[in-house]
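Peer 1: Any chance you could fold what I've pasted below:
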Amino acid sequence: MPIAPQQLVILDRDGVINQDSDAYIKSLEEWIPYPTAINAIARLSQAGFTVAVATNQSGIARGYYSEAELDRMHTRMNSLVEEAGGCIAHIAYCPHGPDDACRCRKPLPGLLHDIQQALALDSLAGSWMVGDSLRDLQAGEACGCRTVLVKTGKGEKTAAKGIGLEHTLVCADLAEFVDTLLAGTID
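Peer 2: Take a look at the predicted model:
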């Protein structure tokens, strides 16, 4: 059965699902999930939503960690979500640095297009993009997604700037967004 775009929730990783660090999350040991986020993803899955992740991982281009280490982090994330009763349908990541002129690094929409293709969707219009930075929201807006800013990670600083948030729902964290979405109080 095809996925309806409004049933797709795309999440940034660092600062939304797990703690963020200005020094980068370089190893499985440094990847510390927010327990409420893991449960929120499971609740989305159980309610019939498809969950995907779109994450910039320039630490690979910078030589801070390998794609194999990133895979270890994502394997752990998937395991935790599955143990909680949920599923992440697809993880798209950009391994490039800011000067690599790629098409996938957010705020460009390449990662979201990768998710669209992987999930065989005609469009992402009406899907949800949840992030903690302006670049997450800009990538979502470029694809017609409804945007959500969480105040975890860099979200508090992003919210304080107030730039580009006119059509964005602002929530304390991923769990609050999921509570709101599942309560049916968002159009």
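
Peer 1: Report the separation between the residue nearest to residue 98 when sequence neighbours are not counted and residue 144.
Peer 2: In space, and not counting its chain neighbours, residue 98 is closest to residue 58: 6.4 Å by C-beta to C-beta, 6 or more residues apart in numbering. Every C-beta, even on glycine, is put in place using the N, C-alpha and C of the backbone. Separation of residue 58 from residue 144 (C-beta to C-beta, to the nearest Å) stands at 26 Å.

Peer 1: now do residue 109
Peer 2: 10 Å.

Peer 1: of these two, who's got more company?
Peer 2: residue 109 (23 against 15; other C-beta atoms under 10 Å).

Peer 1: Could you double-check that the more buried one lies in contact with residue 145?
Peer 2: No: counting by C-beta atoms under 8 Å, residue 109 stays clear of residue 145, with 9.1 Å between them.

Peer 1: Where does residue 180 fall, secondary structure wise?
Peer 2: In this structure, residue 180 sits in helix 174-183 according to DSSP states H and E.

Peer 1: Oh, that last question was meant for residue 148, not what I typed.
Peer 2: strand 146-150.

Peer 1: which helices and strands does that strand pack with?
Peer 2: Here strand 146-150 touches strand 128-131, helix 134-142, helix 155-161, strand 168-171, helix 174-183, going by 3 or more C-beta pairs under 8 Å, 6 or more residues apart in numbering; DSSP states H and E.

Peer 1: other SSEs contacting the helix ranked longest in the chain?
Peer 2: In the chain, with assignment by DSSP state H, the single longest helix is helix 67-83. The contact analysis (3+ C-beta pairs under 8 Å, 6+ apart) places helix 67-83 against helix 35-46, strand 90-94.
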